[in-house]
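>>> coordinates for the following, if possible.
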Amino acid sequence: MQVRALIVAVLVAVFLEGGQDSQAASHKTHAVFLGAPKHVPYSKTGDPAGAAADEKELKIRALIVDGVVKEWTTGESHDVTDRSFVIRRALRLNDSLPGDKPAATGRWVWQRGPWILIDRSTGHVTALKLPDYDPGVSQVSWFRDYAAYCGLSASGKSLYAVVAQLTVRKPVLAKKLAALDADHSDPACAQTEWQRDPLQVTFHPAGNAAQSFNIVPGSAALVEESDDAPETPQPAAAPQ
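Here you go, the predicted structure:
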């Protein structure tokens, strides 16, 4: 009986060790980083909604995942958690008209795009849909998984104070700040400011008094998924 018990114990140990090796092999470590910055031509001619009047260049960086350029980005990144961060996408658009003669390199312009969420662990890139976000008006200020910015109504005539939380469809805050004229100041809002305790956000619409709002803090809504392969169910032990 002792010999049989020893053989069973050895077989169980070998099985468990093999399972651990298989799980370790199924987990792939991804290399995610931003490349060196470079400058590209940029102006209101190519990006009427996003470029300032005096801008001539846009600083961009490549988002590289496992050695492959996944996106082009611009501006500063913000760490949401220890494994996820957000940054603004940079878009390269074809600016050729239908009647233009084909050129060897084509005609292209750079534009500021939407914000994206990157998971360093899985390498996944997600485009963020921020409510009432307008690239020509909204300057996003991040805190934790909250984005605060001046938003624009669907009619384009009203400026709103907006606080959005990642992965939550309804904004945490949406309050009208002011009417927006066609000849509004550029920028329409200065950078929004955060205060931690109590949690408060202050908006600075151009030509109007600053307005502050208290935010009721909640749990983080961002759910980070694992990149591990699903575990294979272990066979039931044979009856003794």
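>>> so which strand or helix has the nearest residue to residue 70 once chain neighbours are set aside?
In space, and not counting its chain neighbours, residue 70 is closest to residue 63: 5.0 Å by CB to CB, 6 or more residues apart in numbering. Placement of C-beta: from N, CA and C, glycine included. Secondary structure from DSSP states H and E places residue 63 in strand 57-65.
>>> direction included, what does that strand pair against?
strand 32-34 (antiparallel), strand 38-41 (antiparallel), strand 68-79 (antiparallel) (DSSP bridges).
>>> and the contacts of it?
With CB atoms under 8 Å, 6 or more residues apart in numbering as the test, strand 57-65 has contacts from 30-42, 51, 69-74, 87, 90, 110, 112, 118, 123, 125.
>>> how about the strands in this structure?
Along the chain, counting by DSSP state E, strands occupy 32-34, 38-41, 57-65, 68-79, 84-94, 108-119, 125-127, 141-143, 146-152, 158-165, 173-179, 189-195, 200-205, 211-214.
>>> columns mean pLDDT, distance to residue 223 and mean neighbour count on top of these, output as JSON lines?
Putting those into JSON lines (pLDDT from 0 to 100; distance: least, CB to CB, whole Å; neighbours: other CB atoms under 10 Å) gives the following:
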{"stretch": "strand 32-34", "mean pLDDT": "94", "distance to residue 223": "18", "mean neighbour count": "15"}
{"stretch": "strand 38-41", "mean pLDDT": "96", "distance to residue 223": "34", "mean neighbour count": "13"}
{"stretch": "strand 57-65", "mean pLDDT": "97", "distance to residue 223": "20", "mean neighbour count": "18"}
{"stretch": "strand 68-79", "mean pLDDT": "96", "distance to residue 223": "17", "mean neighbour count": "16"}
{"stretch": "strand 84-94", "mean pLDDT": "95", "distance to residue 223": "10", "mean neighbour count": "17"}
{"stretch": "strand 108-119", "mean pLDDT": "95", "distance to residue 223": "11", "mean neighbour count": "19"}
{"stretch": "strand 125-127", "mean pLDDT": "94", "distance to residue 223": "12", "mean neighbour count": "13"}
{"stretch": "strand 141-143", "mean pLDDT": "97", "distance to residue 223": "18", "mean neighbour count": "18"}
{"stretch": "strand 146-152", "mean pLDDT": "96", "distance to residue 223": "16", "mean neighbour count": "25"}
{"stretch": "strand 158-165", "mean pLDDT": "95", "distance to residue 223": "12", "mean neighbour count": "23"}
{"stretch": "strand 173-179", "mean pLDDT": "93", "distance to residue 223": "22", "mean neighbour count": "16"}
{"stretch": "strand 189-195", "mean pLDDT": "94", "distance to residue 223": "23", "mean neighbour count": "17"}
{"stretch": "strand 200-205", "mean pLDDT": "96", "distance to residue 223": "24", "mean neighbour count": "20"}
{"stretch": "strand 211-214", "mean pLDDT": "96", "distance to residue 223": "26", "mean neighbour count": "13"}
